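Colleague: structure for this input, please:
(one chain, ligands or ions: 1)
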Amino acid sequence: MPVSRSINQDDLRNHNMSVVLSTMARSRVPLSRAALAKQTGLTKATLSLLSDILLKNRVIRQLEPAAVVSYGRPSTPLAFRPGRWVGLGMQINTDGFGYTVLDIDGTVTASEWRDRPMGDVDPDEIFAELDAMMRPVEERLAADGAVVTGCELALPGLVADGNRLLVARNFGWRDIDLNRYAVVSRLGAVADNEATLAAIAQIPGFAAQRSSDDWPIGPSDSFVYVSTDVGIGGAYVREGQIVRGDHGFAGEIGHMCVDVHGALCRCGRHGCLEMFAGRRAVMLSSGLASDAATAVDAGMPARLIEAWHAGDTGAALAVENALAALAAAIASTVNVVDVSNVMVGGLWSGFGDDLRADLERRVQSQILARDAVKVRLMFPPVTEHPAMYGAAVMGLHRFTGDPMRFLESA
Ligand SMILES: [Zn+2]
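Modeller: Numbers count the residues shown, from 1 in each chain. Predicted structure coming up:
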């Protein structure tokens, strides 16, 4: 029937366009139409049509033709055109909140973070403050003619479909319909787990132009991401895609038990990794913080690192216990999912390469296939509020994953 034929062609064009945008984003260098055709498997005629649509909609621009050509016409590289297509990421974390605006060309065009301890804070209050922070940003983007392709909100907790926050234990928040907050509904923001979004931030070219040639992993690599702060979260990326599990809750490495007789965790279990290597636990056991409120203060990680470098006994013992627990949990995870790459972001990525190498050795010694497999433990390339950055990446992914919804055909 004519109707279904037309729908299929639209779907096909949308799919092809998505492949082209993704290929451009993942590439280290700007690609010509011919190079894009070769890499995507699309015909040159299709590429020509799709690039016309992208030019018309001001998604891409043509760079100067390459100076040296072997034969035929000089090839014109295509690049994302800055200043129009942006993703918006917001985050509420245990130590503050903020936003990032990410252009599809890979540039962060605006970003703000406000330090604010969040122990048992009222969600209405925080969402009102975030709302006030976002209003001038939205006005500026509208005045600049930017198209906000999507907005995501990173939260340190379990987020179910339909924007329902089941629990964020380090805030004391439980079962909240996030759509009731004006900033969420106005921006159409989709909430997601902070570790998941922080992991997405580390995948080069996931939805915006990769920002560096020098990236420790490729766009299709697999890795485990461990997010360490007051809480410890995690995410599992297989061949460049997040593995979310049946309910979207996969990767909660922070609540992996490393001592069945250990201290009671906020989750109700005993001896969770978070009770050894989470920020609150480490600050308290090091003796640097005397109470839970001080432990989550923004300046505490720097003080711990300084005390540890200075050879402070309390800091050394707390770090030793944390490393032993981290190694046990990470090695168990690697043994379960079989990956070669592990990224540890957040608190522990501030400790420098000696600690990284130490942790890597400890993990390696506990891998069942240790004689055959070499595990690479690294600090992530994106370290500045990675979940907020990843939320903005996901905002752009709404466009690159379903582009024709946003574009006028040529
Ligand atoms: Zn726990």
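Colleague: quick one: contacts for residue 95?
Modeller: 115, 116, 117, 118, 229, 230, 296, 298 (C-beta atoms under 8 Å, 6 or more residues apart in numbering). For every residue, glycine as well, the C-beta is placed using N, CA and C.
Colleague: narrow the residues you listed to those that are buried.
Modeller: 116, 117, 118, 229, 230, 296 (16 or more other C-beta atoms under 10 Å).
Colleague: and the third one, how close does it get to the ion?
Modeller: Using C-beta to the ion, to the nearest Å, one obtains 18 Å as the distance from residue 118 to the ion.
Colleague: using the three-state scheme, assign that residue.
Modeller: Of the three states, residue 118 takes coil according to DSSP: H, G, I helix; E, B strand; the rest coil.
Colleague: what distance do you get for it to residue 278?
Modeller: 14 Å (C-beta to C-beta, to the nearest Å).
Colleague: what parts of this structure come near the ion?
Modeller: Applying C-beta under 5 Å from the ion, we find that the chain lies next to the ion at 255, 265, 267, 269, 272.
Colleague: out of those residues, who has the most neighbours?
Modeller: Within the residues of the chain next to the ion, most neighbours by other C-beta atoms under 10 Å means residue 272, with 29 neighbours.
Colleague: find the nearest non-adjacent residue to that one, please.
Modeller: residue 265 (4.0 Å; C-beta to C-beta, 6 or more residues apart in numbering).
Colleague: which residues of the stretch 301-410 of the chain fall in helices?
Modeller: 313-337, 353-365, 386-400 (DSSP state H, counting those that start in this stretch).
Colleague: same question for the stretch 101-250 of the chain.
Modeller: Assignment of helices within the stretch 101-250 of the chain using DSSP H, counting those that start in this stretch yields the ranges 123-143, 182-187, 194-201.
Colleague: pick out the residue nearest the middle of the chain.
Modeller: Geometric centre of the chain, nearest residue: residue 198, 2.6 Å, by C-alpha atoms, centre = their mean.
Colleague: I figured that one hits residue 345, correct?
Modeller: Yes: taking C-beta atoms under 8 Å as the definition, residue 198 is a contact partner of residue 345 at 5.7 Å.
Colleague: got any residues that touch both of these two?
Modeller: With C-beta under 8 Å, 6+ apart, residue 198 and residue 345 have common neighbours 225, 227, 380, 386.
Colleague: closest one to residue 214 among the helices of the stretch 301-410 of the chain?
Modeller: Closest approach to residue 214 among those (C-beta to C-beta): helix 353-365, 16.2 Å.
Colleague: low-confidence ranges, the stretch 151-300 of the chain, go.
Modeller: Of all residues in the stretch 151-300 of the chain, none has pLDDT under 70.
Colleague: residues near the residue in the stretch 101-250 of the chain that the ion sits nearest to, how many?
Modeller: Nearest residue of the stretch 101-250 of the chain to the ion, counting by C-beta to the ion: residue 169, 8.1 Å away. Per other C-beta under 10 Å, the neighbour tally for residue 169 reads 18.
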